[in-house]
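Chemist: Here's a sequence, model it:
(one chain, ligands or ions: 1)
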Amino acid sequence: MPFLDRRAATAGLVAGAGLGFIGCSAANERVLRSADAHPADYPTVLAVDEMGRLLEERSEGRLSIKTYAGGQLGAEKDALEITIFGGLDLTRVSIAPLSAIAAEAVVPALPFLFRNTAHMRAALDGAPGETILAALEPHGLIGLCFYDAGARSFYTRDRAIMAPEDLKGLKIRVMNSDMFVSMVETLGGDAAPMPYGEVYQGLMQGVVDGAENNWPSYESSRHFEAAPVYSLTRHVMAPEVLVMSAKRWRRLSEEDRALIRQCAKDSVPFMRAVWDERSRKAEEHLRAANVEIVTPDTQAFVEKVKPVWDRYLTTPALHRLADDIRTLGQTKEAGDV
Ligand code: GTR
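Modeler: Numbers count the residues shown, from 1 in each chain. Next up is the predicted model:
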């Protein structure tokens, strides 16, 4: 099934027309519209605001960014499709669902790939990160930068997940990603893809028994109210990515392209500082709230989920990319060359 279908193209037209930015009037060309599923005070939104501030300053007012937070332009899948179609200039999404358009995007979302935050940041700042961003370009998206998304853990309405077997019989909401479906099912659960904006109600009504996300999302979405058992499996560290419509990109001068790339890059350290602080605060708040937090031994999860890697690393190039990331920063054994 093509990623960009007719329904999405129509949605793009409707959203574009509604926002009044179909067409290329001078005023429209100055403001880049950016979508985000998170609320206005979430680190990803603040990061794109910061990028906009830098852009406006450095272009002396020629270019700026307006962010549409809180999913007001639709679910992430729709925002992404509209961006490819050209009805939206920028969108900030999780990298995971992008694997439907570029296979490389699955790699940083693989379970238990990154050892810790430093490892994740080093990989994304380096050659592997460049490769993944560049892989989006033939598909109508310019990958500008990665942002942090911490580690995702399972949360449920009432069952602690101490071992993969505890997922048995549970319907777990996942992002719109085949790999996530496969991961949850390989671990023994029942995967239910669902847009982020529908999860709270899904949990409340018992349509799903649980979901998985990082501390700040678990808190800001208020999912913790409906699913107050958080099991620190930390199974995925899929980063966020900021992408730009290649259609809009092609209308920019070389100079403005370079400026946009640089401003996006320069918003990353800002984002990381905001992210670290927000994660700490979210964890603190959730620990003080009525949330049961358990810490399972993750080794059984690591073992059980291994077949998922083979299922999604379908070419030698993808294997190499995953290997380059996995081995990055590992200290060499004595005798190694
Ligand atoms: C969040 C991420 C969102 C979205 C969400 C989800 O961590 O920031 O972009 O992907 O997870 O689970 O749908």
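Chemist: The host helix or strand of Phe146: which residues count as buried?
Modeler: Assigned by DSSP states H and E, Phe146 belongs to strand 141-147. Within strand 141-147, the residues scored as buried using 16 or more other C-beta atoms under 10 Å are Leu141, Ile142, Gly143, Leu144, Cys145, Phe146, Tyr147. Every C-beta, even on glycine, is put in place using the N, C-alpha and C of the backbone.
Chemist: Relative to the ligand, how far out is the second one?
Modeler: If I follow you right, that is Ile142. 18 Å (C-beta to the nearest ligand atom, to the nearest Å).
Chemist: which residues does Ala191 contact?
Modeler: With contact taken as C-beta atoms under 8 Å, 6 or more residues apart in numbering, Ala191 is in contact with Lys171, Ile172, Val174, Phe180, Val181, Ser182, Met183, Val184, Glu185.
Chemist: all strands of the protein, in order?
Modeler: With DSSP state E, the ranges of strands along the chain come out as 31-36, 64-68, 90-94, 141-147, 152-156, 171-174, 190-193, 210-213, 229-236, 240-245, 292-294.
Chemist: Just put these in JSON lines and tack on mean pLDDT and distance to Glu76.
Modeler: Shown next, in JSON lines, are the strands of the chain (pLDDT from 0 to 100; distance: least, C-beta to C-beta, whole Å):
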{"stretch": "strand 31-36", "mean pLDDT": "98", "distance to Glu76": "8"}
{"stretch": "strand 64-68", "mean pLDDT": "98", "distance to Glu76": "13"}
{"stretch": "strand 90-94", "mean pLDDT": "98", "distance to Glu76": "5"}
{"stretch": "strand 141-147", "mean pLDDT": "99", "distance to Glu76": "13"}
{"stretch": "strand 152-156", "mean pLDDT": "99", "distance to Glu76": "15"}
{"stretch": "strand 171-174", "mean pLDDT": "98", "distance to Glu76": "13"}
{"stretch": "strand 190-193", "mean pLDDT": "98", "distance to Glu76": "12"}
{"stretch": "strand 210-213", "mean pLDDT": "99", "distance to Glu76": "13"}
{"stretch": "strand 229-236", "mean pLDDT": "98", "distance to Glu76": "16"}
{"stretch": "strand 240-245", "mean pLDDT": "99", "distance to Glu76": "10"}
{"stretch": "strand 292-294", "mean pLDDT": "98", "distance to Glu76": "27"}
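Chemist: Any chance of a markdown table for those strands, columns distance to Cys263?
Modeler: Output for the strands of the chain, formatted as a markdown table (distance: least, C-beta to C-beta, whole Å):
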| stretch | distance to Cys263 |
| --- | --- |
| strand 31-36 | 10 |
| strand 64-68 | 9 |
| strand 90-94 | 11 |
| strand 141-147 | 9 |
| strand 152-156 | 28 |
| strand 171-174 | 33 |
| strand 190-193 | 33 |
| strand 210-213 | 28 |
| strand 229-236 | 28 |
| strand 240-245 | 11 |
| strand 292-294 | 38 |
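Chemist: Minimum distance to Gly129: which of those strands has it?
Modeler: For the strands of the chain, proximity to Gly129 was assessed by C-beta to C-beta; strand 141-147 is nearest, at 6.0 Å.
Chemist: quick one on the thing from earlier: so which of the buried residues of strand 141-147 comes closest to Trp249?
Modeler: Using C-beta to C-beta, Ile142 comes nearest to Trp249 of the buried residues of strand 141-147, at 4.9 Å.
Chemist: separation between that closest one and Arg326?
Modeler: Going from Ile142 to Arg326 by C-beta to C-beta, to the nearest Å gives 27 Å.
Chemist: And Gly129, by the same measure?
Modeler: Using C-beta to C-beta, we find Gly129 at a distance of 14 Å from Arg326.
Chemist: how about stretch 109-127: buried residues?
Modeler: For stretch 109-127, by 16+ other C-beta under 10 Å, it's Ala109, Leu110, Pro111, Phe112, Leu113, Phe114, Thr117, His119, Met120, Arg121, Ala123, Leu124.
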